[in-house]
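Trainee: how would this look folded up:
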Amino acid sequence: MGNEPGKKGKLMGREVLWVKPSIWRREYLMLVDGEQQARLTFHSWFSNQVSVSGLGQYWIFNRKGWFRQEIVTEDVDLKTVSHPFRYHWTGGGRLYLDDGEVLKFKHGFWGNTSYWETHHGVRLIEFTKRSWLRADTYVDFNPLAAHYAELPVLVFLGFYLRLLREQDSAAAAGA
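Mentor: Residues are numbered from 1 along each chain as shown. Okay, here's the model as predicted:
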């Protein structure tokens, strides 16, 4: 579940960047200080289901539903489904942690920034797209994020949510 301090320590205070190494594959790499630490791979070109492996964990995320969408988060190693994420009509959503806390996922006005926020309005993790032409996304951490045992899954799920938003925006623009 990411409770070991070593997994969180691999992210806090370091440069974390998601990159797309090839336009021919729906695959993204998470680089920490320039070294690959995780891989996010879509299962097919026509699927929203992804596998994320890295930091000693293996997750599957899948968007379900049509009107009341949610993301199902499966920890493959523990064979458990946890951390339900439910979309909100404004484009963000809420993540329900095991301890009962609820984190909000929101997008900035221009769409180049997304972030996890506490119920007090404190930004924990911020995802910023490097440029309009590249898929590279920087990840910045508030020091308070170190207190969350779920830090790795927040980074993985947050980036996945950014990708889904970009995909949905492109589909809407093409319609």
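
Trainee: per-residue pLDDT, Ala172?
Mentor: On pLDDT, Ala172 comes in at 53.

Trainee: over to Thr80?
Mentor: The model reports Thr80 with a pLDDT of 65.

Trainee: now the protein, which segments are flagged as low pLDDT?
Mentor: Per-residue confidence of the chain (counting by pLDDT under 70) places the weak regions at 1-10, 78-81, 89-90, 131-134, 167-175.

Trainee: and stretch 104-121, what's buried?
Mentor: When burial is assessed from 16 or more other C-beta atoms under 10 Å, stretch 104-121 yields the following buried residues: 104-105, 107, 113-118. Every C-beta, even on glycine, is put in place using the N, C-alpha and C of the backbone.

Trainee: let me know the closest of the residues you listed to Leu40.
Mentor: Taking C-beta to C-beta as the measure, Leu40 lies nearest Ser114 of the buried residues of stretch 104-121, at 15.0 Å.

Trainee: that closest one and Tyr160 touch, don't they?
Mentor: No. Between Ser114 and Tyr160 no contact is recorded; they are 10.7 Å apart, counting by C-beta atoms under 8 Å.

Trainee: okay if I get the buried residues of stretch 104-121 as JSON lines plus distance to Pro21 and secondary structure?
Mentor: Formatted as JSON lines, the entries for these read as follows, by distance: C-beta to C-beta, whole Å; DSSP: H, G, I helix; E, B strand; the rest coil:
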{"residue": "Lys104", "distance to Pro21": "31", "secondary structure": "strand"}
{"residue": "Phe105", "distance to Pro21": "25", "secondary structure": "strand"}
{"residue": "His107", "distance to Pro21": "25", "secondary structure": "strand"}
{"residue": "Thr113", "distance to Pro21": "23", "secondary structure": "strand"}
{"residue": "Ser114", "distance to Pro21": "21", "secondary structure": "strand"}
{"residue": "Tyr115", "distance to Pro21": "25", "secondary structure": "strand"}
{"residue": "Trp116", "distance to Pro21": "25", "secondary structure": "strand"}
{"residue": "Glu117", "distance to Pro21": "30", "secondary structure": "strand"}
{"residue": "Thr118", "distance to Pro21": "33", "secondary structure": "coil"}
